[in-house]
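Visitor: dropping a prediction and its sequence here:
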Amino acid sequence: MQKKHSLSTGAIFFFGALGGLLFGFDTGIISGASPLIETNFSLSVAQTGFITSSVLIGSSVGALSIGPLSDKFGRKKLLILASILFLLGSGLSMVAGGFTSMVVARIVLGLAVGAASALTPAYLAELADADHRGSLGTMFQLMLTFGILMAYVSNLGFLGHNLLGVRDWRWMLGSALIPALLLFVGAILLPESPRFLVEKGKLDEAKATLHVLRKNIPDADPDKELEDIVEVSKQPKGGIKELFTFARPAVIVAVGIMFLQQLVGINSVIYFLPQVFIKAFKFPESNAIWISVFIGVVNFVCTIIAYKIMDRFDRKKILEFGSIIMAISIGILSVINFTMPVTVTAIPTIILIAIYIFGFAVSWGPIAWVLIGEIFPLNVRGIGSSIGSAANWIGNFIVSQFFLTLLASFNNNIGGPFAVFTVFAILSYFFVKYYVPETRGKSLEDIEMQMRHDHDEKES
Ligand code: BGC
């Protein structure tokens, strides 16, 4: 039976990417809320740190467990599940009564964020046509950066206002309920991915969905697309074994790209920059939130640029460009902070960080997520993007755990940690050059057939 879809194509991609907004919001909100929770619950610094990082633990677990389930039950059902976890986690964190209940709430939120980060890129890639897959995939990062910005704005808006007698930080955390509800409603209305439907033999439904998705693209040929998907779905299936045979290059790319995306140090800026400015440059605490808002705006605006250019240039070229910009900007940042007094370096540091964010936001930010959605073969796409996403969360956890310690070990000289990140930015350039395949303009089926072909050639 063919199902009718009530959403327009724009709305399908909007709701499809909405998980990114919650990802950004839930990871960004804690920077402003944690000092308030710390005083309210009389927590130790270590406990507050754990409230921040517990979300990352949940995310690694959420990311890893969702993939195999999504290959089995479909992308849509799991998106609904993720949205329920988002609702639950946001509600629980809003009403948490102490340390333990807050950690539980943050872990539930983490599970949701991890699940959304593994599901959404693959789902968007499977809905998009080859020519627009880059920009449509970038919608995830666009939502993510918007979520971070919203979190900073919500921190700013609620701080010090205990509306209706409810503490400010409870409002900050509870405001995530709104996008979570939107995602829940959206996920119910969203169509299942046509690729997944073919894999499960539901050809009529796949055809109907493809026709809806392509109706505004004049030269699209959904019937031919369906034929190609069916063709690829007939390939012999090795299941998880494929990840160690012909799909191994995809695993290497996904894990490498995701680790490097974190090891260039982006979240030292996203999560900790206000603290750095207070510690290293002796900025007054009241300025911290404005520094956050500044970063949030630069990050979001640069991601809009990424959205505009994504389908016009090769992914590899954009990634290499981003690596060069990041390496140069934070390389200079390290040198000046090692050689000049902090009274002189504060403003140049802010400017160099803005350039670094630009470098990240137009390239590694979006493309890492776009790539993990598109490089895995159909029957292991869910689990493949799970592995990539989990690598991202583990890398994130490592940087977030060690950044402040690293900073302290350099006597709060920001040049120290950023010199380490510069090394990874340089490595990231070479990783792209030698390991990452170009995927722009190719259909998911072409990418898979190429990978099978390369493997067979090597074997023979
Ligand atoms: C990264 C996040 C980061 C965000 C910043 C994403 O692509 O995976 O860890 O916080 O970009 O915009």
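Guide: On my side now, so go ahead.

Visitor: got the contact list for Gln141?
Guide: By C-beta atoms under 8 Å, 6 or more residues apart in numbering, the residues touching Gln141 are 20, 303, 306, 361, 365-366, 369. For the C-beta atoms, the positions are set from N, CA and C on the backbone; glycine is no exception.

Visitor: identify, from the residues you listed, the entry nearest to the ligand.
Guide: The shortest approach to the ligand among the contacts of Gln141 belongs to Gly365, at 4.2 Å (C-beta to the nearest ligand atom).

Visitor: thought the closest one was touching Ile305?
Guide: No: using C-beta atoms under 8 Å, Gly365 makes no contact with Ile305, being 11.0 Å away.

Visitor: looking at those two, which is more packed in?
Guide: Gly365 (24 against 12; other C-beta atoms under 10 Å).

Visitor: what helix or strand is that one on?
Guide: Secondary structure assigned from DSSP states H and E places Gly365 in helix 364-374.

Visitor: which secondary structure elements does the next helix-or-strand element following that helix contact?
Guide: Moving toward the C-terminus from helix 364-374, the next helix or strand (DSSP H and E) is helix 381-409. In terms of contacts (3 or more C-beta pairs under 8 Å, 6 or more residues apart in numbering; DSSP states H and E), helix 381-409 is packed against helix 45-73, helix 99-127, helix 248-263, helix 266-281, helix 364-374, helix 415-435.

Visitor: confidence-wise, which of the ones you listed is weakest overall?
Guide: Mean pLDDT is lowest for helix 266-281 out of the helices and strands packed on helix 381-409, coming in at a mean of 85.

Visitor: pull out the buried positions in that one.
Guide: For helix 266-281, burial by neighbour count (16 or more other C-beta atoms under 10 Å) applies to 266-278, 280-281.

Visitor: before we move on, what about stretch 101-121?
Guide: 102-121.

Visitor: near the ligand, which residues of the stretch 51-200 of the chain are found?
Guide: 141, 144-145, 148 (C-beta under 6 Å from any ligand atom).

Visitor: now with 5 Å, please.
Guide: Thr145 (C-beta under 5 Å from any ligand atom).

Visitor: just the buried ones out of the contacts of Gln141, please.
Guide: 20, 303, 306, 361, 365-366, 369.

Visitor: please produce CSV containing those residues, extended by distance to the ligand.
Guide: Putting those into CSV (distance: C-beta to the nearest ligand atom, whole Å) gives the following:
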residue, distance to the ligand
Gly20, 9
Thr303, 7
Ala306, 10
Ala361, 6
Gly365, 4
Pro366, 7
Trp369, 6
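
Visitor: wait, which of the residues you listed is closest to Leu79?
Guide: Gly20 (12.0 Å; C-beta to C-beta).

Visitor: dump the residue contacts of the residue nearest to that closest one when sequence neighbours are not counted.
Guide: Take Gly20 and drop its neighbours on the chain: the residue closest to it by C-beta to C-beta, 6 or more residues apart in numbering is Met143, 3.4 Å away. When contacts are counted by C-beta under 8 Å, 6+ apart, Met143 touches 17-21, 23-24.

Visitor: and the residue of the stretch 151-300 of the chain nearest the ligand?
Guide: For the stretch 151-300 of the chain, C-beta to the nearest ligand atom, closest residue to the ligand: Ile270, 4.5 Å.

Visitor: quick one: contacts for whichever residue of the stretch 51-200 of the chain sits closest to the ligand?
Guide: Here the stretch 51-200 of the chain gets closest to the ligand at one residue, Thr145, 4.8 Å apart by C-beta to the nearest ligand atom. By C-beta under 8 Å, 6+ apart, the residues touching Thr145 are 24, 296, 299-300, 303, 361, 365.

Visitor: what of Thr48?
Guide: 34-35, 37-38.

Visitor: quick one: which of those is nearest Glu459?
Guide: Here the nearest of the contacts of Thr48 to Glu459, counting by C-beta to C-beta, is Ser34; it sits at 52.4 Å.

Visitor: from what I can see the closest one touches Ile51, true?
Guide: Yes: assessed by C-beta under 8 Å, Ser34 is found in contact with Ile51 at 6.1 Å.

Visitor: between those two, tell me which one has more neighbours.
Guide: Neighbour count, other C-beta under 10 Å: between Ser34 and Ile51, Ile51 has more, with 22 against 18.

Visitor: for the contacts of Thr145, give me JSON lines that also has secondary structure.
Guide: Formatted as JSON lines, those follow (DSSP: H, G, I helix; E, B strand; the rest coil):
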{"residue": "Gly24", "secondary structure": "helix"}
{"residue": "Gly296", "secondary structure": "helix"}
{"residue": "Asn299", "secondary structure": "helix"}
{"residue": "Phe300", "secondary structure": "helix"}
{"residue": "Thr303", "secondary structure": "helix"}
{"residue": "Ala361", "secondary structure": "helix"}
{"residue": "Gly365", "secondary structure": "helix"}
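
Visitor: please report the distance of Leu78 from Tyr123.
Guide: Distance from Leu78 to Tyr123, counting by C-beta to C-beta, to the nearest Å: 9 Å.

Visitor: pick out whichever of these two has more residues nearby.
Guide: In this view Leu78 and Tyr123 are compared by other C-beta under 10 Å, and Tyr123 has more residues nearby, 32 against 23.

Visitor: got the residues of the stretch 251-400 of the chain near the ligand?
Guide: 270, 365.

Visitor: rerun that using 8 Å as the cut-off
Guide: 258, 261-262, 266-267, 270-271, 299, 303, 360-361, 364-366, 368-369, 392, 396 (C-beta under 8 Å from any ligand atom).

Visitor: neighbours of Thr339, how many?
Guide: When neighbours are counted by other C-beta under 10 Å, Thr339 registers 10.

Visitor: please disregard the earlier target; I meant Lys234.
Guide: Per other C-beta under 10 Å, the neighbour tally for Lys234 reads 8.

Visitor: next, it: phi, psi?
Guide: Here is the backbone geometry of Lys234 (degrees, to the nearest 10): phi -80, psi -10.

Visitor: thinking again about what came up before, angle of the helix or strand harbouring the residue of the stretch 51-200 of the chain closest to the ligand against helix 364-374?
Guide: Following DSSP H and E, one finds Thr145 within helix 133-158. Counting by axes from the mean of the first three to the mean of the last three C-alpha atoms, to 10 degrees, helix 133-158 lies at 130 degrees to helix 364-374.

Visitor: identify the residues contacting the helix or strand following helix 133-158?
Guide: Proceeding N to C from helix 133-158, the next assigned helix or strand is helix 168-174, under DSSP H and E. Applying C-beta under 8 Å, 6+ apart, the contact partners of helix 168-174 are 29, 32-33, 36-37, 40, 90-91, 93-95, 151, 154-155, 158-163.
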